[in-house]
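**Student:** Okay, predicted coordinates and the sequence, questions at the end:
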Amino acid sequence: MTTKPEDKQTYLKQPLHLAYSALFLGFWIYTGLTTPDRANWLAENILTLSVIIFLIAFYNIFRFSNISYTLIFLFLLLHVYGSQFQYANNPFGDWLKQEYGLQRNHYDRIVHFGYGFLLAYPIHEVLANGLRVRRLYSYLLPIEIILSTSALYELAEWVVADWVYGGKQKGKVFLGMQGDMWDAQKDLGLAFVGALITMSIAFVLSKRT
């Protein structure tokens, strides 16, 4: 459960949060220094910076549970590692492609699934503990929020690809379609499935407590 911060409680008194921050900052700087495409890295990390600013700004207003901070930390690592290279050229995705004879680099699909699977529960905590949403809705709404924000992200990607890259080949590479005309729909579907799995597990476990 989320705990309310006491007046004298400070960030330095949370060693897990401090460790996550240090590890993430180090990894984020590393990816920025070693990326072969700095413009792509910067574009991909707009979302990352937005999340970090939000977490810092609201840290003493709403405190997530350590479970949620762990889930957020894992997702940010997935996303930042993806930003180091263009998603279609991600080394881990290339390894999976070669190892299992896949037709495309699926790292972007892993991140979209992770978006739903890892962030649905933190959204549930905001709804249940911060906004006091009724119990059942606090489990259903995260799935809808994940689906709608995933759709907004796909639209934002399209705008960047069209306006920044002029819809040219580099724009298609930024989108990471890899020749799949249904790429956006599959990404949405994976995020939805990830959120559905997490919220189903959380709901079942809540019945046992």
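**Tutor:** Perfect, I can see it now. Quick caveat, the model's predicted, so the values are computed rather than measured.

**Student:** what mean pLDDT does the host helix or strand of Phe54 have?
**Tutor:** Phe54 is part of helix 38-57 when elements are defined by DSSP states H and E. For helix 38-57, mean pLDDT rounds to 89.

**Student:** Just give me how far that helix sits from the chain centre.
**Tutor:** Averaged C-alpha coordinates place helix 38-57 at 11 Å from its chain's average position (Cα atoms, centre = their mean, to the nearest Å).

**Student:** Now for this protein, the helix or strand with the poorest mean pLDDT.
**Tutor:** Every helix and strand of the chain was ranked by mean pLDDT, DSSP states H and E. The lowest is helix 169-175, at a mean of 58.

**Student:** in the following helix or strand past that helix, what's buried?
**Tutor:** Sequence-wise, the next helix or strand downstream of helix 169-175 (DSSP H and E) is helix 183-207. For helix 183-207, the neighbour count (16 or more other Cβ atoms under 10 Å) marks 183-184, 187-196, 198-199, 202 as buried. Heads up, the C-betas are built off the backbone N, CA and C, glycines and all.

**Student:** got a list of contacts for helix 183-207?
**Tutor:** With contact meaning Cβ atoms under 8 Å, 6 or more residues apart in numbering, helix 183-207 is reached by 108-109, 112-121, 124, 139-140, 142-143, 146-147, 150-151, 154, 175-177, 180.

**Student:** how about a cut-off of 6 Å?
**Tutor:** Residues outside helix 183-207 that contact it (Cβ atoms under 6 Å, 6 or more residues apart in numbering): 109, 112-113, 115-117, 120-121, 139, 142-143, 146-147, 150, 154, 177.
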